[in-house]
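*Asks:* Whatever this is, show me its structure:
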Amino acid sequence: MTHGRYEVYPFDMDKQHRLLHVLATKEHPTRQDVYTLDLDNGEMVRVNRAAGVYSGAAISPDGSTALAMHSTYGAQRELALVAVGGRHEVLTDSHPKRTAKLTEAAPEFFTYHNRHGHEIHGHVFKPDG
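*Replies:* Below you'll find the predicted structure:
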């Protein structure tokens, strides 16, 4: 149903069994986005626009909006509403303010090609200074 070197995790299907709603790493291996997959033509439409990792998603009956847990480095994981076209609204603020210090560390992402020509993605946490 899909083509490419990325992971796809289905989580819902529309009532007509024509659209499959999935989480996928299509954009980049360090991201997991919400998509709607048209089962007739294989076209995948990304629902969200914000970078990060979406998980535990639930989609509206018309496929235009989704609720999902959203996380990025430097911020705590929260419930977000995402919509086709780019809307991203964080709905919860469920962590004590003192936990923000624990999530401040953000890695430096990098990509390189190994001797076999494979693209390798990684990240490193560097100490201050």
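
*Asks:* Residue 32 and residue 129, how far apart?
*Replies:* 32 Å (CB to CB, to the nearest Å). In this view, the C-beta of every residue, glycine as well, is placed from N, C-alpha and C.

*Asks:* low-confidence ranges in this structure?
*Replies:* By pLDDT under 70, the chain has no low-scoring segment.

*Asks:* on that earlier part again, of residue 32 and residue 129, who's got more company?
*Replies:* residue 32 (23 against 3; other CB atoms under 10 Å).

*Asks:* Any figure for the gap between the nearest residue to the more buried one once chain neighbours are set aside and residue 102?
*Replies:* Of all residues not flanking residue 32 in the chain, residue 53 sits nearest, at 4.5 Å (CB to CB, 6 or more residues apart in numbering). From residue 53 across to residue 102, the span is 17 Å (CB to CB).

*Asks:* before we move on, what about residue 18?
*Replies:* Residue 18 is 44 Å from residue 102, by CB to CB.

*Asks:* where's the closest residue to residue 19 other than its chain neighbours, which helix or strand?
*Replies:* Among residues not flanking residue 19 along the chain, residue 36 sits closest, at 5.4 Å (CB to CB, 6+ apart). Following DSSP states H and E, one finds residue 36 within strand 33-38.

*Asks:* how about the helices in the chain?
*Replies:* Assigned by DSSP state H, the helices in the chain number zero.

*Asks:* What are the boundaries of the strands in it?
*Replies:* For the chain, the strands defined by DSSP state E cover 8-13, 19-24, 33-38, 44-46, 53-59, 65-72, 75-83, 88-90, 108-113, 119-124.

*Asks:* Identify whichever of those strands lies nearest to residue 98.
*Replies:* The minimum distance between residue 98 and the strands of the chain falls on strand 75-83, with 11.2 Å, by CB to CB.
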